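Participant: pasted the sequence and its predicted model underneath.
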Amino acid sequence: MYHAYRDGYSLLPRLNKIREQDLFLPEPEHVHYLEKKKRAAESQSVFVSTPAFTQELERVVCDTVGRLHPTPGLDVSKFQTLAMQIHQDLIVHKLGDPDDFMAAGSICFPSGWWPEQKIGEPLADIHRPIPGMRLNNSRKLVEMMVYHGPFERYVWSVIFNFDINGHPSRGKVRFDPNRPVVNVKLERQSMFGFPDHDAALFVLHVRIIPEKDLDRAALANALSKMTQEQLYYKNLEGCVNDVLNHLLRAPL
């Protein structure tokens with residue numbers, strides 16, 4: 001099992017080149033994810049778009065997802081329809097003049113952000129709340145995704161429940177030393193470029209690594225090196241020592 005935190009906590013892009021057939025990875029809990037998506041759509045804004053997400057771009061995106069996704073028989077007639085049939089979230093980002101911007105998205109499982117507040121924003125502004133994020137070369141990063149992909153990267157967070165939906169409206173669960181639960185939420189971000197449309201597709205695949213499968217020492221080492229600003233952003237301020245003690249204690 002892949003443990004991104006073994007490389008520490010990093011905000012570097014760390015883009016790894018992949019084959020286009022690896023844009024989507026199989027998910028054994030496919031139906032379970034679809035149920036969670038349906039519930040999310042009932043309580044939060046899921047679909048967002050701008051006029052730049054034209055019918056032509058929508059068709060190209062849908063046809064690509066239908067061709068590369070391991071689930072057979074997908075309805076690719078509309079972006080919204082397609083997105084609710086797969087367990088991954090989808091974002092379409094475009095290069096503009098002068099700024100790049102988020103053109104469309106179907107996001108059921110955001111990690112602490114409001115999709116409706118980020119639509120139309122450049123990559124730099126979308127990630128500005130993240131402490132330590134280097135934003136000077138964000139346009140070059142988008143150009144890489146559009147013209148030189150496909151790529152993948154991983155980001156991760158420690159969570160204290162089993163919920164893959166980190167929408168801000170749901171609030172954050174704090175660590176409870178009396179009932180300790182420490183899991184890692186892993187987000188695989190894969191990217192596929194559409195050079196003819198100056199656009200790229202972000203595929204967000206979120207899953208939970210339960211505590212029983214964690215490399216506890218490696219995770220503790222990564223957490224111990226985070227800054228105070230990063231600890232606050234990751235919901236670890238004031239409890240990181242308790243979390244570290246829990247991780248370094250031999251599991252029952």
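Facilitator: Happy to help now that I have it.
Participant: now do the helices in the stretch 151-252 of the chain.
Facilitator: Applying DSSP state H, counting those that start in this stretch to the stretch 151-252 of the chain gives helices spanning 216-224, 228-233, 240-248.
Participant: any chance of those helices in a markdown table, plus mean neighbour count, distance to residue 177 and mean pLDDT?
Facilitator: For every residue, glycine as well, the C-beta is placed using N, CA and C. Shown next, in a markdown table, are the helices of the stretch 151-252 of the chain (neighbours: other Cβ atoms under 10 Å; distance: least, Cβ to Cβ, whole Å; pLDDT from 0 to 100):
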| stretch | mean neighbour count | distance to residue 177 | mean pLDDT |
| --- | --- | --- | --- |
| helix 216-224 | 18 | 15 | 95 |
| helix 228-233 | 15 | 17 | 93 |
| helix 240-248 | 16 | 5 | 96 |
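Participant: out of the ones you listed, nearest to residue 78?
Facilitator: Closest to residue 78 of these is helix 228-233 (Cβ to Cβ; 35.4 Å).
Participant: for residue 170, see how far away the closest residue to residue 202 other than its chain neighbours is.
Facilitator: Of all residues not flanking residue 202 in the chain, residue 91 sits nearest, at 4.0 Å (Cβ to Cβ, 6 or more residues apart in numbering). Going from residue 91 to residue 170 by Cβ to Cβ, to the nearest Å gives 20 Å.
Participant: the more surrounded of those two?
Facilitator: residue 91 (22 against 14; other Cβ atoms under 10 Å).
Participant: wasn't the more buried one part of a strand?
Facilitator: Yes - under DSSP: H, G, I helix; E, B strand; the rest coil, residue 91 falls within a strand.
Participant: show me what the residue nearest to residue 202 is bridged to.
Facilitator: Assessed by DSSP bridges, residue 91 has beta-bridge partners residue 105, residue 202.
Participant: just checking, it touches residue 107?
Facilitator: Yes - assessed by Cβ atoms under 8 Å, residue 91 is found in contact with residue 107 at 6.7 Å.
Participant: common neighbours of these two, please.
Facilitator: By Cβ atoms under 8 Å, 6 or more residues apart in numbering, residue 91 and residue 107 have these common neighbours: residue 204.
Participant: now the strands for the stretch 101-250 of the chain?
Facilitator: 101-106, 151-159, 183-194, 199-209 (DSSP state E, counting those that start in this stretch).
Participant: residue 58 sits in which helix or strand?
Facilitator: Assigned by DSSP states H and E, residue 58 falls within helix 55-68.
Participant: contacts only, for residue 200.
Facilitator: 92-94, 142, 145-146, 149, 191-194.
Participant: mind redoing it with 7 Å?
Facilitator: Counting by Cβ atoms under 7 Å, 6 or more residues apart in numbering, residue 200 touches 93, 142, 145-146, 149, 191-194.
Participant: what does the pLDDT read for it?
Facilitator: Residue 200 is assigned a pLDDT of 98 by the prediction.
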